[in-house]
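Participant: My questions are about this predicted structure, shown below with the sequence.
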Amino acid sequence: MKYPVPNNEPERLKALQRLRILDTLPTLEFDSIVDMAALIFDAPIALVSFVDRDRQWFKAKRGLQESQTCRDVAFCNYTILADDVFEVQDAHKDDRFRHNSLVTGDPHIRYYMGVPISLDDGLNVATLCVIDTKPRKATEAQLIQLLKLRDILAGIVRAHTTALEAKTSERNARQRGKLLSQVERMSKIGAWSLDTERHVTQWSPQVFAIHELDGADPPSLEGAVSFYPPYERERLTQRVSACIEHGTPYEIECDFVTAKGNNRRVRSSAEIEYGDDGTKLLIGIVKDITDQYEKDQELWRSAHIDSVTGIANRHSFHSEIEKRTSAHSDENDHLALLMIDLDNFKEINDNLGHLAGDAVLRAVAQRIADAIPDNAFCARIGGDEFAVLLTTTGKTDAVAELATELVGAISVPISHEDHEIRIGASIGIASDESINATEDDLFLKSDLALYHIKQNGRGQAKAYDPSITHALEAKRQSVMMVMSAIADERLEPYYQPILDLQNRELRGVEALVRIRNLDGTISGPAEFFQALNEPQCASEIDKVMLDLALQDFGRWKCLELDIDFVSVNASSSCLQSEAYVDRVLNGLAENHLSPSDLRIEVVESVFLGNESADVSIVLARLSAAGIKIALDDFGTGFASLSHLRDYPINCIKIDKSFVMGLGQDDRNTAIVHALIALGRSMQLDVIAEGIETQGQLDFVIALGTHFGQGYLFSKPMKADDLVQFLADQRASQKASANVLCS
């Protein structure tokens, strides 16, 4: 990379060599300058850089490991050309630097601000610069302070130069002392010394300021140590003793209490030096780092602690599980993960507000923390999800017992303001005895166990076992089978007639889903029933079946077939969205049908759960449009009577399990009789499902049922076959009429 060179480069390099500063050890004066520059700009990197022939060398640095770089990548090449300041607000947008390796790679420079350091002869030998990893622009106040620091640094460099000359040594010493005092005050760094033989201490003014002490006489070593809390003193004393006895330098951060009782954080460092007279001195500095420490602590809390509950967050949990899986080497150890999901938490937020929801999260977090053993680690890893990680020995039954205990503890009502909030929990357990257990293994297995619980009843704990994976794989295959059939237009409605049992005339048909396989065979619901329990998949089936059934019914209308209605099934996922109502009404209009031509069949499970309010709105809109609602599989669900009262039901369909038991169990007869009487008293149509024998037909007619469907009349058939079925029925009726007439 090409870089600019000052016109007076030879003279500048000679002046730099005369300084005899290159490759010298770090010094407090220069370090204090970069600390102050970084503080003024709140920047991660600050440097004092001397620009040599082929390199830039850092006399002082903060936030950078390297002690030098090649000159061809140095931003300071441009600074030493400047008279005042040189600023790069965004290196990515600057053609001079966008391809610079310090921009494209570590330390990823985006912002640079530098001022040249000049000797008395006007030769710029060094720079003071600050660097950031994000674009920005210096404020006026920052520029003023940086220029003041530049002047101080220039003085230090000059002091270094003139210190080499004996005739100015005294003046330079006074100047350096003054500058050091100024730097101390600006950077909150103080220097101190201890004569280890005479036990005489000396403090700079800033050390007194840090201790909030007035006066010029520093305390003894023991007195100085007393400013540290008891829990810090032993650690500090050990470091000081090791330094005095063995010459081991130290640097330590400690809590600190000033003479006025203010809690602070300080960094102290020291090393042994020997005076010209042979005295053994402990030389050190102390820096007030309270502000930076508090910022670092706040950043740590933000990164590791959940702000709502006060327990660990997802980031901390991943770190902990990574640490434990890496250290999991004892064959007797069992690493277990409990994934906890709160049941119906969204309902609390929706009904009581987020403040109540936050109160519940805090209460649950506390209950988990109280219940788990000391070696366990708990965290909130999502909106209403918590996780517990623990290492156990021996039998893993203890993990299941803990999970059960947590389910019980969480379910205890929570008091918030004037409400008593009830919340439940489902817990998926993954326990892996293998020393090769990984974080992904545990998360996957606990997630699968939790998913299994949600699909089969909440409010319990379940440990993962391979059968869960097999069941989920079967469900996945079932869903793939359905979605593939939808994509290839191989989903077909088969129609089962619904007959008036008084005259055996067809009144309507129910559309039942079938899949035409690639080999031409037909698959019924038994071969893809898992997909019917998957909300998204069930919704897609409902939409396709609705469209096809309305198209077929529209065609039958054109053929003037005597069919009163077509009945389609609607799953809970469809009935939770008002968009389904729009689809139904649009479909009727597109096929020139009226609302009375369609009947929607629902099962009682759609009325349960948090979404029942949405279902109620959708059914009300459908009913208001004139579409009849049938309650399918009546008598097998929950709270059936309240459903008949609270929802716009026009028809009940008696489940085939009751019809098949007629004549075999008096209780079935009593139930069917009661259901028919209930329906008729509420002026509802009653349809008996699953009629397969003449005996069953005679029973339901005798009990008062007017409508029925089942294999006794016909199996489900294709749309074209239904046309022939009606023709055959008419022919049979006509033949019967002729016989009667003759």
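Facilitator: Ah, there it is.
Participant: tell me, what residue is most central in the protein?
Facilitator: residue 382 (5.3 Å; CA atoms, centre = their mean).
Participant: is it true that that one touches residue 314?
Facilitator: Yes - contact criterion CB atoms under 8 Å: residue 382 and residue 314 qualify, at 7.1 Å. Every residue, glycine included, has its C-beta placed from N, CA and C.
Participant: So the residue nearest to the centre of the chain, which state does it fall into?
Facilitator: Taken by DSSP: H, G, I helix; E, B strand; the rest coil, the conformation at residue 382 corresponds to coil.
Participant: and it, what pLDDT?
Facilitator: We have a pLDDT of 86 for residue 382.
Participant: so who does the residue nearest to residue 338 when sequence neighbours are not counted touch?
Facilitator: Of all residues not flanking residue 338 in the chain, residue 388 sits nearest, at 4.1 Å (CB to CB, 6 or more residues apart in numbering). Contact analysis of residue 388 by CB atoms under 8 Å, 6 or more residues apart in numbering lists 337-338, 340, 368, 372, 376-378, 402, 406.
Participant: what sits against the residue nearest to the centre of the chain?
Facilitator: Neighbouring residues of residue 382 by CB under 8 Å, 6+ apart: residue 314.
Participant: Quickly name whichever of the contacts of residue 388 is closest to residue 425.
Facilitator: Closest to residue 425 out of these is residue 340 (5.5 Å), distances taken as CB to CB.
Participant: Contact partners for the closest one?
Facilitator: Applying CB under 8 Å, 6+ apart to residue 340 gives the contacts 368, 385-388, 406, 410, 425-427.
Participant: Just the strands from the stretch 1-150 of the chain, written as ranges.
Facilitator: Using DSSP state E, counting those that start in this stretch, the strands found in the stretch 1-150 of the chain span residues 45-51, 55-62, 68-70, 86-88, 111-118, 124-132.
Participant: Of those, which is nearest residue 105?
Facilitator: Residue 105 sits nearest to strand 68-70 of all these, at 11.7 Å, using CB to CB.
Participant: any residues touching stretch 656-669, and which ones?
Facilitator: 635-636, 671-672, 675, 688-692, 695-696, 699-700, 703, 710.
Participant: try 7 Å this time
Facilitator: Outside stretch 656-669, the residues that touch it by CB atoms under 7 Å, 6 or more residues apart in numbering are 635-636, 671-672, 688-691, 695-696, 699-700.
Participant: what do you get for stretch 55-71?
Facilitator: With contacts defined as CB under 7 Å, 6+ apart, stretch 55-71 is touched by 3, 21-23, 26, 30-31, 33-35, 38, 44-51, 54, 74, 76-77, 107.
Participant: Could you pick out the buried ones from the residues you listed?
Facilitator: The neighbour count (16 or more other CB atoms under 10 Å) marks 21, 30-31, 33-35, 38, 45-51, 74, 76-77, 107 as buried among the contacts of stretch 55-71.
Participant: Quick check: buried residues in stretch 555-563?
Facilitator: For stretch 555-563, the neighbour count (16+ other CB under 10 Å) marks 556, 563 as buried.
Participant: if we can go back for a sec, return the closest of the contacts of residue 340 with respect to residue 655.
Facilitator: The closest of these, once distances to residue 655 are taken by CB to CB, is residue 426, at 29.4 Å.
Participant: what are the bridge partners for the closest one, then?
Facilitator: Note on residue 426: beta-bridge partners residue 341, judged by DSSP bridges.
Participant: Now do the same contact list for it.
Facilitator: So residue 426 contacts 341, 343, 450, 453-454, 458-460 (CB under 7 Å, 6+ apart).
Participant: With adjacent residues omitted, what lies nearest to residue 349?
Facilitator: Closest residue to residue 349 apart from its sequence neighbours, by CB to CB, 6+ apart: residue 357 at 4.2 Å.
Participant: Let me know whether the one you found touches residue 348 as I believe.
Facilitator: Yes - using CB atoms under 7 Å, residue 357 makes contact with residue 348 at a distance of 5.3 Å.
Participant: Do you have the helices of the stretch 51-200 of the chain handy? List them.
Facilitator: For the stretch 51-200 of the chain, applying DSSP state H, counting those that start in this stretch gives helices covering 76-79, 101-104, 140-163, 169-187.
Participant: Can you give me the buried ones in the longest one?
Facilitator: This means helix 140-163. Result for helix 140-163 [16+ other CB under 10 Å]: buried residues 142-143, 145-146, 149-150, 152-162.
Participant: again, but for the second one
Facilitator: Neighbour-count burial for helix 101-104, with 16+ other CB under 10 Å as criterion, is recorded at 102-103.
Participant: For that helix, output the C-alpha coordinates as CSV.
Facilitator: Provided in CSV are the C-alpha atoms of helix 101-104 (Å, rounded to 0.1, in the frame of the first residue of the first chain):
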residue,chain,number,x,y,z
SER,A,101,-5.9,-4.6,6.5
LEU,A,102,-6.6,-2.8,9.8
VAL,A,103,-10.0,-1.9,8.5
THR,A,104,-10.9,-5.2,6.8
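Participant: ok, and what's touching that helix?
Facilitator: Applying CB under 7 Å, 6+ apart, the external contacts of helix 101-104 come out as 73, 91-92, 97, 109.
Participant: what mean pLDDT would you report for that helix?
Facilitator: Averaging pLDDT along helix 101-104 yields 94.
Participant: Equivalent analysis for the third one, please.
Facilitator: Per-residue pLDDT over helix 140-163 has a mean of 86.
Participant: Packing partners of that helix?
Facilitator: On a contact count with 3 or more CB pairs under 7 Å, 6 or more residues apart in numbering; DSSP states H and E, helix 140-163 meets helix 28-41, strand 111-118, strand 124-132, helix 169-187.
Participant: What degree of burial does the closest residue to residue 125 other than its chain neighbours show, as a neighbour count?
Facilitator: Leaving aside its chain neighbours, residue 125 sits nearest to residue 16 (4.6 Å; criterion: CB to CB, 6+ apart). Other residues near residue 16 come to 21 when the count uses other CB atoms under 10 Å.
Participant: now swap in residue 369 and tell me
Facilitator: Other residues near residue 369 number 15, with proximity taken as other CB under 10 Å.
Participant: Contacts only, for it.
Facilitator: Contact analysis of residue 369 by CB under 7 Å, 6+ apart lists 311, 378.
Participant: now do 10 Å
Facilitator: Taking CB atoms under 10 Å, 6 or more residues apart in numbering, we find residue 369 in contact with 309-311, 376, 378, 386, 388.
Participant: for the record, mean pLDDT for the host helix or strand of it?
Facilitator: Assigned by DSSP states H and E, residue 369 belongs to helix 354-371. The average pLDDT within helix 354-371 is 91.
Participant: one step back: export the contacts of helix 101-104 as JSON lines, with columns for pLDDT.
Facilitator: Shown next, in JSON lines, are these (pLDDT from 0 to 100):
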{"residue": "73", "pLDDT": "93"}
{"residue": "91", "pLDDT": "94"}
{"residue": "92", "pLDDT": "94"}
{"residue": "97", "pLDDT": "93"}
{"residue": "109", "pLDDT": "96"}
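Participant: Looking at those residues, which is nearest residue 728?
Facilitator: For the contacts of helix 101-104, the nearest to residue 728 is residue 92 (79.8 Å; CB to CB).
Participant: and the closest one, how many neighbours does it have?
Facilitator: Applying other CB under 10 Å, we find 13 residues neighbouring residue 92.
Participant: Just confirm it contacts residue 98, I think it does.
Facilitator: Yes - contact criterion CB atoms under 10 Å: residue 92 and residue 98 qualify, at 5.6 Å.
Participant: Run the chain-centre distance for stretch 615-627.
Facilitator: In terms of CA atoms, centre = their mean, to the nearest Å, the centre of stretch 615-627 is found 38 Å from the chain centre.
Participant: buried ones in that stretch?
Facilitator: Buried, per 16+ other CB under 10 Å, within stretch 615-627: 615-616, 618-619, 621-623, 627.
Participant: For that stretch, give me every contacting residue.
Facilitator: Against stretch 615-627 from outside (CB under 10 Å, 6+ apart): 565, 570, 572, 574-582, 584-585, 588, 594-600, 602, 606-609, 611, 628-629, 646-650.
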